[in-house]
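J.: missing the sequence, but the structure's below:
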Ligand code: HEM
């Protein structure tokens, strides 16, 4: 191809379009539109050029494509120059590839161990790391309040549009809509609602315990009768829904920008499990809406505004988004917290005895159950959960917020406006500036040795502020009572051959964390 004046002019137009138009505002929701404009312009220009220059369609198309290429080259060239040398974040340290493109992060985390990669980057570059062209990760212990707290001027980052047009309470970016939806949700997480859920929870907690007893007796019987356990306590693969949840959330693990996530999820076959999970949640939601329940559940609150009528189309988008949110936010996070607590207790058995001593006076329920209201204020039990969530936060890294146009200050450091900031709880939880002996599991730091917590506000596994976890009380309720019941009913230890190594090293992050395999031995206690 010969370079003509028109090629250079098109390249300059492309370069100029960046400072004139693309540098401002958000474009991630317009990707498909831009693509359509490009295709239509190429098609029209091809026809026009072929007619005016009296040339074949094929050679006109080749000529127009060259110019389109020049335009795109100019645009991306100007953007790269800006990102490397003129961007407001240029003073922040970070890997050079990350300054140029957000694909750098996606490539780094493609094995799914985002939390570990981000910790390594903080170890190398300090508390403020530029991990994308507009993206700053901050592990400074004082960042949580400024970024997420109730007075924060930061808003949710564009990543929350990834699933658009399907939205949930968690992905709603517009503050007014989010506040309205949160008011509906708050009925579902009120004290009264929690007392109602207790009835449901008790049933499943009892089933869990009797299931564990059954598995134990079968394995023991197998061993006694046939010299070999049936291995039921070691079954790795759970219900297909758990498998589906794990597979479906994988695309979230690549930390794609919202525009790419939207494109990827429209390619047939590539994200089949993602859509299967959405269909599964939607189907459960549809069935539930047509069913009457005696004991209120979360859906009772979410469906209350429709007063028995079927929701309109736009409401379905939110209801289905919320259905998926409930499955992920509720079951995934609570399950990982319980397994992380058992992992830490098996590693540090001295805390199990302490828990039993503390719980003993409260475990005299006639049906051998444990009531949240009786154990809610126990120091050691709560500290074990606090410490578990500090070291193993179920949402480890990616809660992106966008700074207001005037920017924010974190401990005197200026963060420019429109920066996407994430404050990774996994890294903050292990930051020596926030905790003494940050790598050790020491529940006492939360009640008997408070000086071991240097910055109390750094602990935010549920996040805080207007978009903080609305299910926090419910989650703590479930974890507290289930853990209390398990440690008082069973002797817990690593199963023979288990050293706990895979639990963390094989953990994978896909917004929430999924830990590696962990073989725990549950033996009914002699006194029970
Ligand atoms: C240990 C368990 C849990 C942890 C650590 C946890 C953590 C979090 C975090 C960090 C967020 C903020 C996410 C963000 O900024 O994008 C969040 C939001 C949320 N969580 Fe949880 N969560 C837990 C359990 C639950 C439970 C049991 C529910 C019950 C349904 C729940 C419902 C929600 C909802 C609805 C939101 C969105 C809130 C909003 O945007 O206003 N979570 N959770």
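T.: Alright, I've got the coordinates. Owing to the predicted nature of the structure, the values given are computational and were not obtained by experimental measurement. Residues are numbered from 1 along each chain as shown.
J.: Let's see the pLDDT reported for the residue in the chain that the ligand sits nearest to.
T.: Nearest to the ligand, among the residues of the chain, is residue 471, at 2.1 Å (Cβ to the nearest ligand atom). For the C-beta atoms, the positions are set from N, CA and C on the backbone; glycine is no exception. Confidence at residue 471, expressed as pLDDT, is 91.
J.: Going by residue numbers, what spans are helices in the stretch 201-350 of the chain?
T.: Ranges of helices within the stretch 201-350 of the chain are 240-248, 258-264, 272-289, 298-303, 313-325, 333-347, 350-359, based on DSSP state H, counting those that start in this stretch.
J.: isn't the residue of the chain closest to the ligand right up against residue 189?
T.: Yes: judged on Cβ atoms under 8 Å, residue 471 makes contact with residue 189 at a distance of 6.0 Å.
J.: Helices of the stretch 51-200 of the chain, start to end?
T.: With DSSP H, counting those that start in this stretch as the criterion, the stretch 51-200 of the chain has helices at 57-81, 96-100, 103-108, 114-125, 143-148, 175-188, 191-226.
J.: Highest mean neighbour count out of the ones you listed?
T.: helix 143-148 (a mean of 23; mean count of other Cβ atoms under 10 Å).
J.: Output the helices of the stretch 201-350 of the chain in a markdown table; the columns should cover mean neighbour count.
T.: Output for the helices of the stretch 201-350 of the chain, formatted as a markdown table (neighbours: other Cβ atoms under 10 Å):
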| stretch | mean neighbour count |
| --- | --- |
| helix 240-248 | 16 |
| helix 258-264 | 18 |
| helix 272-289 | 16 |
| helix 298-303 | 20 |
| helix 313-325 | 19 |
| helix 333-347 | 20 |
| helix 350-359 | 16 |
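J.: Tell me which residues touch residue 274, please.
T.: Neighbour list for residue 274: 248-249, 251, 265 [criterion: Cβ atoms under 8 Å, 6 or more residues apart in numbering].
J.: out of the residues you listed, which touch the ligand?
T.: When contact is defined as Cβ under 6 Å from any ligand atom, the contacts of residue 274 do not meet the ligand at all.
J.: Kindly indicate the member of the residues you listed with the most neighbours.
T.: residue 248 (24 neighbours; other Cβ atoms under 10 Å).
J.: Touching, that one and residue 281? I think so.
T.: No: in this structure, residue 248 is not within contact of residue 281 by Cβ under 8 Å, at 9.7 Å.
J.: among the helices of the stretch 201-350 of the chain, which is nearest residue 49?
T.: Evaluated over the helices of the stretch 201-350 of the chain, closeness to residue 49 peaks at helix 258-264, with 29.4 Å, by Cβ to Cβ.
J.: Show me what that closest one is packed against.
T.: Applying 3 or more Cβ pairs under 8 Å, 6 or more residues apart in numbering; DSSP states H and E, one finds that helix 258-264 contacts helix 31-52.
J.: what mean pLDDT would you report for the helix it packs on?
T.: Mean predicted confidence for helix 31-52 is 95.
J.: which residues are contacting that helix?
T.: Helix 31-52 has contacts (Cβ under 8 Å, 6+ apart) with 27, 55-57, 59-61, 63-65, 67-68, 259, 262-263.
J.: got a list of what the closest residue to residue 325 other than its chain neighbours touches?
T.: Nearest non-adjacent residue to residue 325, counting by Cβ to Cβ, 6 or more residues apart in numbering: residue 168, 4.0 Å away. For residue 168, the contact set (Cβ under 8 Å, 6+ apart) comprises 318, 321-322, 324-325.
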